[in-house]
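[1] Turn this into a structure:
(2 chains)
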Amino acid sequence: MGASEFFDSRGDVPTDADWALRIAAVDLAGIGGVRLRAAPGPARDEWLAALRAALPDGTPWRRVPSHIGDERLLGGIDLAATLRQGNVVMQPGVLAQAHGGAVILAMAERCDVGVASRIAQVVDAGSVVVLHAGLIDVQPARVGVVALDEASGDDAPLPGVIAERLGIDLWLGQSRPRLDAPTASSPHRDAVDRARALLPQVEANDAIVTALCEAALALGIASLRAPSLAWRVACIAAALDGRREVLAPDAALAARLVLGPRARARPRDPASSDEEPAPDRQGEEPESAGESAASPGPRDAGEPLDAATRDEAMSERLLEAAAVSLPKALLASIAAGTAARKTPATTPGRSGSARRSAVRGRPIGSARGALRGGARLDLLATLRAAAPWQAMRRRESPSCREGFLVRSDDFNVRRFRERRESTTVFAVDASGSQALHRLAETKGAVELLLADCYVRRDRVAVIAFRGAQAQLLLTPTRSLVHARRSLAGLPGGGGTPLASGLAAARELAATILRDGGTPLLVLLTDGSANVALDGAGGRERAFSDALATARAWAGLGASSLVIDTAPRAHEQARALARAMEARYIALPDADAHGLAKSIAGSGAAYVGER
Amino acid sequence: MYRHAGLAADDLSATPVEPLQRSPSRRRTPTASRVTARTHTIRPAYPFSAIVGQDEMKRAILIAAVEPAIGGVLVFGDRGTGKSTAVRGLAALLPTMAVVHGCRYGCAPGESCDCDTCRDILAGTRQSRVRRVPVPVVDLPLGASEDRVVGALDLEHALTQGIRRFEPGLLARAHRGFLYIDEVNLLEDHLVDLLIDVAASGENVVEREGLSVRHPARFVLIGSGNPEEGELRPQLLDRFGLSVEVRTSSDIAERVQVIKRRDAFERDPLAFAQAWATEDARIRRRLLAARSRLATTQVPDATLESAARLCVNLGTDGLRGELTLIRAARAQAALLGDGVVADGHLRQVAASALRHRLRRDPLDESGSTERIDRAVAEVFDA
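    Modelled structure (predicted):
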C-alpha cells in the first residue's frame, strides 16, 4: 500500500467524512469508535478502505457480524475442535484479536443488545475477561469500534449502550460516484502518523472544555461521555494541524462530529428556525489539516480577545456548529416537541421475528439440531444420544484415542418458547371534531389503559392523527411516564385523517410482528373521517379510504379495539370496526373500568396464554 | 483439581499476608493483577475519590460495602454519570481479601464450602493456606445465559472423561465482591429474580443437568439502568436494598471538572491513580473502620420508633423497608464514626432506602424523592 494511493490531492475543503476519517485514523480506540450511518454501497466501502489504509500497517481489522456468539466474540471453547481432539481447545475471541485495532460491527442496528453490551464493556475496560472452568484470563483488547449502521426509519436503532460510547457519529450520504465527489478523500498517511505522535502532548484547555460542556448541555445531552469524547476529538483535530494548543475551530469540528448528532433539544436561539443553515461555516475553517501541518495558515480564531468575550463567543459558535449537522427530520421532530420518527413504507422481507426463540424463554425440552444461531447444546441429551454407538464407533475408527466419541448428528439443542411481548398501540384521533367533543375524555381513557399496560408490562406506542396526517408520537416503549407525557402534550384540532392514522398503525404493528412481538391496536376515534389518504379533503373519499385501510389492517391478523368517542354512537365507527375485525366499544357506555377490562380481554383472546 | 487463571496454582505466593495498602492499580478479577503483569499493561480503575459529585450514589455504594446485608443497590439515571466507574473504583480501593488457597469459590479462611479443597481442609488432610486477592467486580453482560450466571456442567470433563463436574459461573466469581449489572431493567426477569434470590440468601443452589451443587455467593448486587428504556418490575424494585437516582449535573463547572479529570486519567492512568492514592486510602480507612465499628453501633429505641413512623407515614409495604432503613442508617453512622444511630442518620439514608418502596401510581410523575422529603419533614420536624 503506497502512500500516494490514498493521498487526496484535490485540495478541496475537507468534508465531515474526511475529518472523521482522519481523526479516527489517529486514535480510533481513543474516541471509542465511529458510528457510520450509511446504506451499504461504494461510498461506505471507500470510507472504510481509506480508514484501513490510513492506519499503521498491521493494525488488526476484524469484522464482527451482529449476532456473533460469545465464544467467538470473547473467546471460549472451540466445540468442533474440542470434540475432534478430545481435549478442550480454546479459541481466542475476535475482540482480543483486534487489540490495538478496529472492530467493524456489521449491520450494527440489528445487533443483539447482549452483544452490544459486551462490546461496550470491552471498550470501557480495554481488556477481555474470559472465564472458563475456573480459568480467568484477562487479555488486552483496546479496540475502536466502527459500527455500520444501516438503519432506515422502521428498524430499531443502534443499541444505546454502544451508540453512547462511539465518539464520532457520521452520516455518510447516499452512495455517490467516486469521480464527482469522493466521500472520503484519504488523509495523508504521514500527517496522520505525525498527529498520532503529537497527540499525547496536546495541552489541556479549560476554555475549550467549558465551551464543549456548555454546548452539550444546550443541546440537551445529559451524558458526560459526549463532551468528554468531543474534547478528545478536538485534541486530535489540533494534533492533525500540528498544534499542541486546541483552538476554537477544533472544538467547533468536535461539536459537529460528536455533539450535533446526539442533540436531544434544540439550542434556545430562535433566530434561524427551520431553514437549512448555510452550508459553509466554522467547521470548515481548520482547513486541510493534512497538507498544511507544517505551516498553520492565518486564522482569525487566534486573534487576541479578552478572555471573557472570547469564551462567550466560543460557546455561541459551538452551538451553531452543532446545529448544522442535525438531520432535517430530527429538527422537525424536535420542533414538534418529540423525538419521534415518521416511519416510511414497510420494507418486507426483513424478518427478525424467529431470532430469539432458540435462545431464551421458557425451556420446552430439546431436540436434534444443528448448533447455529446461538442455539444451546443440551449436553446430557447429546451424550445420551451418542452413548449407544460408542463401541461401534470405536471399531470403525480404531485410531481414535480414548474418550467419548461424539458426532455432529448427536447434537441436541435446547428449545425455548418465549412469551411474546405485547405492545399496545394507541391511535388517537385528535382532530377538530374530536377536540370539540371529548379529546380530554379520550386522554383520560388512554391514561386508564396505560395504567393497565403498566401492570401487564406491555410496551406502549402512541400515534396521533389530526390535520393532514398521522404522527407517531411515541415509538414502542415501556416507559409509561413518556407515554403519558406525549399524550398530555397532544393538541387537538384540524381534519380527521383517519386512513393515515390507520395506515401508520398498521405499519407500526407490522414492524412489531416482525420483531416477534404481539401488537394490539386501540383506536380511539369518532369515525368521521374527512381527510383522505393522500391528504385531500372530502368526507366520502376519506371514509372509503379509511375502510380500505381498515380491511388492510384485518389482513395483518393482529387484534384491535375501536373505541367510539362520538357523543352518540355512530354507524361509521361501527362499520370501521367491522372492516378491521376489531372489537367495538362506545365510550359513552364504557365506564372507566369496563374499558380497561375490554382491552385486557381482547389481548387475552389473541395471546391465548394470558 | 481446580486450576486457576491458567497459572500454576503454586505460582501465587501462598502464605505471607501482604500488607493492606497496595497500589491502587489493582484489577477486578481475583488473579488479574498477576495475569496483567505478564501480558500487557491494563489500565487501573478510575479512583473512587476522584469522582465528581454524585454524593448519594457514592454514599449508597459505601453503605452497601460496609453492610452487605443491605441487599444491593439500584442506580437509576442517565447514561454517562459514572455509575460503573464508581463500582469499579470502590472495589479497587478495597483492601485485598484473604482466600483459602485452592478453593474454587474463594472462601475466606475459617469458612468452608463444598469444594474439594475445603473438604480436605475440614477433614484435616490438607493444610489451609491463605492468599490475598483483589475484591472481585463481576460485570454481568446483558443476554448472559443462565448457564453462565449460575454455572453449568463442565464441558471438558463431560466430554473427555465422562465426569460430571460443575463449572462455576459468574455468581461464584462475584463471591465476597460486587456483581454489577448495567441496564438491569433490560435483563430478563427470571435472571433478575435469580440474582436477587442469591444475593439475599448468600448461596447459589444449582439443581440442573443432573448436578446438585450449592456454594456460597455473597456479593453486593449493584444494578444500574436508564428508566427511559423501560422500568423495572415493581416486585423486583422492592427487593433491592437501596435505590439511587443519578443525573448528570447541569452545573458547568462541575461538568468541566469531570471531563478534565477524565482526560487526565486517559492521558496517564497510573500517574492519575497515584495522585489520588492518598484520598482513596482515606476512604479505605473510613470504610474499614466502619466495618469493624458496625457491630457495636447502637440503635436506640427512639430511632427505631422514628423509622417506624416514617414508614407508616409513607405507607411502605412490609417490613423490608423499615429493616433496610435501619441497617442503612447504622452503616451510615458507622461510616461517620458515630457510635449511636440518630434521626440525622435516618434522614440521610431515607430517600435511598425507601424511594423504590412507595406504592406507586404509575402515572404519578411527582417523584418519590419529594414524597419522602415531605414525610421526613413531617416526622422529624413536627
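[2] tell me the contacts of residue A:502?
    A:427, A:523, A:546, A:549-550, A:552-553, A:580 (CB atoms under 8 Å, 6 or more residues apart in numbering or on different chains). Placement of C-beta: from N, CA and C, glycine included.
[3] got any ranges where chain B has weak pLDDT?
    Residues of chain B meeting the criterion pLDDT under 70: B:1-42, B:142-143, B:155-162, B:209-210, B:228-231, B:233-235, B:317, B:359-367, B:382.
[4] spatially speaking, which residue is in the middle of it?
    Centroid-nearest residue in chain B: residue B:220, 2.9 Å away (criterion: CA atoms, centre = their mean).
[5] Give the bridge partners for that residue, please.
    Beta-bridge partners of residue B:220, counted by DSSP bridges, are residue B:178.
[6] ok, back up a step: return the member of the contacts of residue A:502 nearest to chain B.
    Comparing the contacts of residue A:502 against chain B with CB to the nearest CB places residue A:427 closest, at 20.0 Å.
[7] so the closest one, which of the three states?
    When classified by DSSP: H, G, I helix; E, B strand; the rest coil, residue A:427 comes out as strand.
[8] What of residue B:185?
    Assigned with three-state DSSP, residue B:185 falls in the helix class.
[9] Equivalent analysis for residue A:17, please.
    helix.
[10] would you list every one of the helices in the stretch 251-382 of chain B?
    Secondary structure of the stretch 251-382 of chain B (DSSP state H, counting those that start in this stretch): helices at B:252-267, B:269-275, B:277-294, B:301-314, B:320-336, B:343-354, B:368-381.
[11] Okay, buried residues for the third one please.
    Buried residues in helix B:277-294, counting neighbours by 16 or more other CB atoms under 10 Å in any protein chain shown, are found at B:277, B:280, B:283-284, B:286-287, B:290-291, B:293-294.
[12] quick one on the thing from earlier: of the helices of the stretch 251-382 of chain B, which approaches residue B:178 most closely?
    Of all these, it is helix B:277-294 that lies closest to residue B:178, at 13.4 Å by CB to CB.
[13] Can you get me the centre-to-centre distance for the closest one and its chain?
    16 Å (CA atoms, centre = their mean, to the nearest Å).
[14] Could you dump the buried residues of helix B:277-294 into TSV with distance to chain A added?
    Listed next are the buried residues of helix B:277-294 as TSV, based on distance: CB to the nearest CB, whole Å:
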residue	distance to chain A
B:277	21
B:280	19
B:283	22
B:284	22
B:286	26
B:287	24
B:290	29
B:291	26
B:293	34
B:294	31
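[15] And the furthest pair within these?
    B:277 and B:294 (25.7 Å).
[16] before we move on, back to that, ok, the residue nearest to the centre of chain B touching residue B:178?
    Yes. With contact defined as CB atoms under 8 Å, residue B:220 counts as touching residue B:178 (5.0 Å).
[17] quick one: the strands in chain B?
    Under the criterion DSSP state E, strands of chain B are mapped to B:73-77, B:97-100, B:130-133, B:137-139, B:151-153, B:166-168, B:178-181, B:203-208, B:211-216, B:220-225, B:242-246.
[18] Among these, which comes closest to residue A:384?
    Using CB to CB, the strands of chain B put strand B:151-153 closest to residue A:384, at 13.0 Å.
[19] distance between the closest one and the chain's centre?
    In terms of CA atoms, centre = their mean, the centre of strand B:151-153 is found 23 Å from the chain centre.
[20] Summarise which helices and strands that strand is packed against.
    strand B:166-168, strand B:203-208, strand B:211-216 (3 or more CB pairs under 8 Å, 6 or more residues apart in numbering or on different chains; DSSP states H and E).
[21] out of those, deepest packed?
    Across the helices and strands packed on strand B:151-153, averaging neighbours per residue (mean count of other CB atoms under 10 Å in any protein chain shown) puts strand B:166-168 on top, at a mean of 23.
[22] How about that strand and chain A, touching?
    Yes. Using CB under 8 Å from any CB of the partner chain, we find that strand B:166-168 touches chain A at B:167-168.
[23] Report the contact partners of residue B:139.
    Contacts of residue B:139 by CB under 8 Å, 6+ apart are A:121, A:129, B:84, B:180-182.
[24] Mind checking the pLDDT average for stretch A:120-137?
    Mean pLDDT, stretch A:120-137: 71.
[25] Could you measure from residue A:31 over to residue A:262?
    14 Å (CB to CB, to the nearest Å).
[26] Between these two, tell me which one has more neighbours.
    Neighbour count, other CB atoms under 10 Å in any protein chain shown: between residue A:31 and residue A:262, residue A:31 has more, with 25 against 21.
[27] The more buried one belongs to a helix?
    No. Secondary structure assignment (three-state DSSP) places residue A:31 in coil, not in a helix.
[28] my guess is it meets residue A:145, correct?
    No. Using CB under 8 Å, residue A:31 makes no contact with residue A:145, being 10.1 Å away.
[29] Straight-line length of stretch B:177-188, end to end?
    End-to-end span of stretch B:177-188 (CA to CA, to the nearest Å): 23 Å.
[30] Name the residues of it that are buried.
    Across stretch B:177-188, burial judged by 16+ other CB under 10 Å covers B:177-187.
[31] Also stretch A:46-58?
    Residues of stretch A:46-58 classed as buried by neighbour count (16+ other CB under 10 Å): A:46-48, A:50-55.
[32] now it: mean pLDDT?
    83.
[33] circling back to that earlier point, which residues do residue A:31 and residue A:145 both contact?
    Each of residue A:166 lies in contact with both residue A:31 and residue A:145 under the rule CB under 8 Å, 6+ apart.
[34] quick one: stretch B:242-252 to chain centroid distance?
    19 Å.
[35] which residues are contacting it?
    With contact meaning CB under 8 Å, 6+ apart, stretch B:242-252 is reached by A:210, A:213-214, A:217, A:222-224, B:52-54, B:56-57, B:60, B:63-64, B:70, B:72-78, B:80-83, B:237, B:255, B:324, B:328, B:349, B:352-353, B:355-356, B:367, B:369.
[36] Please list only the buried members of those residues.
    Here, 16+ other CB under 10 Å leaves A:210, A:213-214, A:217, A:222-224, B:52-54, B:56-57, B:60, B:63-64, B:70, B:72-78, B:80-83, B:237, B:255, B:324, B:328, B:349, B:352-353, B:355-356, B:369 buried among those.
[37] Adding distance to residue A:257, write the buried residues of stretch B:177-188 out as CSV.
    Shown next, in CSV, are those (distance: CB to CB, whole Å):
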residue, distance to residue A:257
B:177, 39
B:178, 35
B:179, 36
B:180, 31
B:181, 32
B:182, 26
B:183, 26
B:184, 32
B:185, 30
B:186, 28
B:187, 33
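[38] quick one: which of those is nearest residue A:95?
    Of all the buried residues of stretch B:177-188, residue B:182 has the smallest distance to residue A:95: 17.3 Å, by CB to CB.
[39] what sits against residue 105?
    Let's take chain A. Contacts of residue A:105 by CB under 8 Å, 6+ apart are A:64, A:66, A:111, A:119, A:145-148, A:162.
[40] Not quite, go with chain B.
    B:113, B:115, B:168, B:172, B:175, B:215-217.
[41] let's see it at 6 Å
    By CB atoms under 6 Å, 6 or more residues apart in numbering or on different chains, the contact set of residue B:105 is B:113, B:172, B:175, B:215-216.
[42] which one of these sits closest to residue A:504?
    residue B:172 (50.0 Å).
[43] What pLDDT is listed against the closest residue to chain B within chain A?
    Closest to chain B within chain A is residue A:114: 2.0 Å, counting by CB to the nearest CB. Looking at residue A:114, its pLDDT is 76.
[44] Now it: which helix or strand?
    Here residue A:114 sits within helix A:113-125, counting by DSSP states H and E.
[45] All good on my end, thank you.
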